[in-house]
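1. The following block contains a protein sequence and its predicted model.
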Amino acid sequence: MTAKQNIPLYQMVKQHILTLIDSKQWQEGERLPSENELVAELSVSRMTVNRALRELVAANRVERISGVGTFVAQAKVQSHPLEIQNIAEEIHARGHQHSCKVEAVEQIRASAETALSFDLAPGSRLFYSQIVHYESDMAIQVEERYVLPQFAPDYLQVDFNQQTSNQYLMGLNKQLSQVEQVVQAAMPSKAIAKDLQMDANEPCLLLLRRTWVEQKVVTSSKLHHPASRYQFGSRYQPS
């Protein structure tokens, strides 16, 4: 392999590896050839191969395990941590198919913890939904959502197989005055882990979100994601 058109050799090595990954010739979790094998195969220096692999690790395309080898990284779905996004649109934008399983849509009496998040008395009436979202048949989110009935009185009648809860609520055309979002690592319940097809002892990324209208909390959500298949990230230009 020789540099062409002023393209550095390490970039060509990176592109060679990415081509094999993107074409599925190297599958997720598959071990890559060793550095020595790549040096011999591509006729480049070990330093060139090492730099290419280091940059691929930084880009989360491969994973290196000391003393074991280099492996094709498992693809992670990424969401913007600061925006309220419709998960169906997010998935479609990646060229994949969205589907969901509605596990609950019901009226509940708020626990002390949930009531506190709404600044209500324990036992107050709330609407609750739990929905599992899939990306091309892979579970990526369990959405638990609490809704103030006065904000969305028809919530229990909505078919969330036809539209997401986010679509419905944002379609109410009520101006949000404030949004709070917190991302934390958490161990899921056994039920959540089962819904997300997670391994035992695997943590999840939990996004806690509250929204306000006219200084009143109107929704409180818990969005559970498998940490091994999901990440939050954004790019922006500082002002």
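-> Structure's in. What do you need? Residues are numbered from 1 along each chain as shown.
2. can we go C-alpha only for contacts and neighbour counts from here?
-> Fine.
3. Now tell me which helix or strand of this structure has the poorest mean pLDDT.
-> strand 77-79 (a mean of 56; mean pLDDT, DSSP states H and E).
4. Let me know the next secondary structure element after that strand.
-> Using DSSP states H and E, the helix or strand that follows strand 77-79 in sequence is helix 87-93.
5. Just the residues contacting that next one, thanks.
-> Contacting residues not belonging to helix 87-93 are listed as Ser79, Gln97, His98, Ser99, Glu135, Thr164 [C-alpha atoms under 8 Å, 6 or more residues apart in numbering].
6. out of those residues, which are buried?
-> Ser79, His98, Ser99, Glu135, Thr164 (16 or more other C-alpha atoms under 10 Å).
7. How many neighbouring residues does Thr211 have?
-> When neighbours are defined as other C-alpha atoms under 10 Å, Thr211 has 20 of them.
8. Mind checking what helix or strand follows the helix or strand hosting it in sequence?
-> Taking DSSP H and E as the definition, Thr211 sits inside strand 204-213. Going down the chain from strand 204-213, the next helix or strand is strand 216-226, by DSSP H and E.
9. Can you name the next helix or strand after that next one?
-> In the C-terminal direction, the helix or strand that comes right after strand 216-226 (DSSP H and E) is strand 230-232.
10. returning to that earlier point: what helices or strands is the strand holding Thr211 leaning on?
-> Under the contact criterion of 3 or more C-alpha pairs under 8 Å, 6 or more residues apart in numbering; DSSP states H and E, strand 204-213 touches strand 178-186, strand 216-226.
11. out of the ones you listed, nearest to Ser34?
-> strand 216-226 (29.8 Å; C-alpha to C-alpha).
12. how does the chain divide into domains?
-> As given by automatic domain parsing, the domain ranges for the chain are 9-72, 77-232.
13. What pLDDT is listed against the spatially most central residue of the chain?
-> Nearest to the mean C-alpha position of the chain, by C-alpha atoms, centre = their mean, lies Tyr230 at 3.6 Å. With respect to pLDDT, Tyr230 scores 77.
14. Between the buried ones among the contacts of helix 87-93, which sits nearest Glu63?
-> Of those, the one sitting nearest to Glu63 (C-alpha to C-alpha) turns out to be Ser79, at 21.0 Å.
15. can you give me the helices for the chain?
-> Counting by DSSP state H, one finds helices in the chain at the ranges 9-22, 35-42, 46-58, 87-93, 112-118, 165-170, 190-195.
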